[in-house]
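> fold the stuff below for me.
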Amino acid sequence: MSRDFIGALLQLNAEKQVPREQLIRTVEEAIAAAYRRVANEEDIHVQIDADSGRIRVYRARVAVSEIEDELTQFSLDDARKHKPDARPGELVEIEELDGDTFGRIGAQTAKQVVLQRLREAERDVVFDQFASREGELVTGTVNRVEPRAIILDLGKGVEGVLATTEQSPLEHYRIGQNVKSYVLEVRRTPRGPTLFVSRTHKGFLKRLFELEVPEIHNGTVEIRAIAREAGSRSKVAVSSRQEGLDPVGATVGQRGARVQAVVSELAGEKIDVIPWSEDAGQFVANALSPAQVLGVDIDTEHRIANVTVPERMLSLAIGREGQNARLAARLTGWRIDIRSDVSVAEAKAAAERAASEPAPPAAEAAEAVEAAAPPKEPEIEAEAADAEEADAEEAAAEPEPVAAGVAPAAAAKPRARRTTKAKAASEEVSS
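I've put the predicted structure just below:
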């Protein structure tokens, strides 16, 4: 029986990948729990010899000066009856038990408890294995497709949850397909550990480059920053720790073989690999690749980079819907303001003209404003005079009605009055 027990432990150790010491401790606790359940006593302990496989079951209590729990403790005087040199806090054995006294029901209970504890130990081991893999790549098989997530089978009864928000819009999955993913979080559940994975995280792109580029894996080339819009475009900034090594060439590979392998894994997502630079202006100019940059003015206080590009490169620098400039800003951490060289030159010329023209004095400026302002009152007077003249013309054009009993000479009085005024004016001129 002892040899069979040791063989079973070795087989469990190989199958479940549970350490031998943990297996023995788990079996001891399980058998002790079964004995306590059958005998309804709490002072039962189990000890297993790892070499011989011998199982020893005995009763034991803790020797204390003051008893707080009568089921697991007894007084120091009672303890010294079984062990004369017993000390406070020491576990003192009372008697050894025979396993045959519990019969078939006790054996079945022990079996169930042992299997349950072994499953728990296995889950703990698996959880510890996957908990240490957060931030790494895992490969799983698509088990089922749900409306909000893809469930991956990662082996050892572990499932990976690939939520819809963590999937690339370019990718489509089918049952049985092998899928690489990035581990975001490991959670403990009643059915075992569950992994929440992603294919849109920028760490996923970094791990793919580590798989394809040996220089990145061994640390010769370092990925300094990543900006990614999953399914569309990404920018990766790399630097070299070895003098004379081109980080961009090592990452791209011969004829782009290395970066094409990553692009294929990402279903055709575009990737720009740019060199990292300690100079903020140079780094911003590199980040706007493939657009050509004429100059970069850095505002350190407000963290703004004013970039000047050729007029023909303006749309390329900004990108479709501003994507190129947006990714460059995320990659560098600077707010980027892009302008063409034509607009910069026009703004500079306007500023120079404004600076070269002297400003008029305040009095002259006020007079100029007054002179430029149209006079309102003369216009009103002129309008009134025009109205009176029009009324007079209308009155002269229409014959006035002659009332009965009025002589015609009365109607001619205004003309005679005007003639007298004209005569008086001519005499004044002649004199």
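
> which secondary structure elements does the lengthiest helix in the chain contact?
The residue-count maximum for a helix in the chain (DSSP state H) belongs to helix 103-131. With contacts taken as 3 or more C-beta pairs under 8 Å, 6 or more residues apart in numbering; DSSP states H and E, helix 103-131 sits against helix 2-16, helix 20-39, strand 178-189, strand 192-198. Using the backbone N, CA and C atoms, a C-beta is placed for each residue, glycine as well.

> give the buried residues for the second one.
Meaning helix 20-39. By neighbour count on 16 or more other C-beta atoms under 10 Å, the buried set for helix 20-39 is 22-24, 26-36, 38.

> before we move on, what about stretch 170-186?
Neighbour-count burial for stretch 170-186 [16+ other C-beta under 10 Å]: E171, V179, K180, S181, Y182, V183, L184, V186.

> mind checking how far the very next helix or strand once past the longest helix of the chain is from the chain centre?
As assigned by DSSP states H and E, the chain's next helix or strand after helix 103-131 is strand 137-145. Chain-centre distance of strand 137-145: 23 Å, with C-alpha atoms, centre = their mean, to the nearest Å.

> ok, stretch 287-297 next?
With C-alpha atoms, centre = their mean, you get 26 Å for stretch 287-297.

> need the residues that contact stretch 130-147.
With contacts defined as C-beta atoms under 8 Å, 6 or more residues apart in numbering, stretch 130-147 is touched by 150-155, 158-160, 164, 173-186, 193, 195, 197, 203-204, 207-208, 211.

> follow-up on the earlier one: what residues of the longest helix of the chain count as buried?
For helix 103-131, by 16+ other C-beta under 10 Å, it's 106, 109-110, 113-114, 117-118, 121-124, 126-127, 130.

> and if you look at stretch 79-90?
A79, A86.

> before we move on, the earlier item: nearest to A285, of the buried residues of stretch 170-186?
Y182 (30.8 Å; C-beta to C-beta).

> any idea how far the closest one is from L195?
10 Å (C-beta to C-beta, to the nearest Å).

> same check, this time on A328
The gap separating A328 from L195 is 33 Å, by C-beta to C-beta.

> so between the two, which is more surrounded?
Neighbour totals were compared for A328 and L195, and A328 leads with 29 against 23 (other C-beta atoms under 10 Å).

> average model confidence for the helix or strand hosting that one?
In the assignment (DSSP H and E), A328 maps to helix 323-332. Averaged across helix 323-332, pLDDT comes to 95.

> on contacts alone, who are the packing partners of that helix?
Packed next to helix 323-332, using 3+ C-beta pairs under 8 Å, 6+ apart, are strand 221-229, strand 233-240, helix 280-287, helix 314-318, strand 335-340.

> switch to 10 Å and redo it
Helices and strands touching helix 323-332, by 3 or more C-beta pairs under 10 Å, 6 or more residues apart in numbering; DSSP states H and E, are strand 221-229, strand 233-240, strand 270-275, helix 280-287, strand 304-309, helix 314-318, strand 335-340.

> could I get those as CSV with distance to E136, mean neighbour count and mean pLDDT?
Converted to CSV, those look like this (distance: least, C-beta to C-beta, whole Å; neighbours: other C-beta atoms under 10 Å; pLDDT from 0 to 100):
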stretch, distance to E136, mean neighbour count, mean pLDDT
strand 221-229, 15, 19, 95
strand 233-240, 19, 21, 96
strand 270-275, 21, 20, 95
helix 280-287, 28, 21, 94
strand 304-309, 35, 21, 94
helix 314-318, 36, 18, 93
strand 335-340, 33, 17, 94
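
> any chance of these in TSV, plus distance to E90?
Formatted as TSV, those follow (distance: least, C-beta to C-beta, whole Å):
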stretch	distance to E90
strand 221-229	58
strand 233-240	63
strand 270-275	67
helix 280-287	68
strand 304-309	73
helix 314-318	79
strand 335-340	70
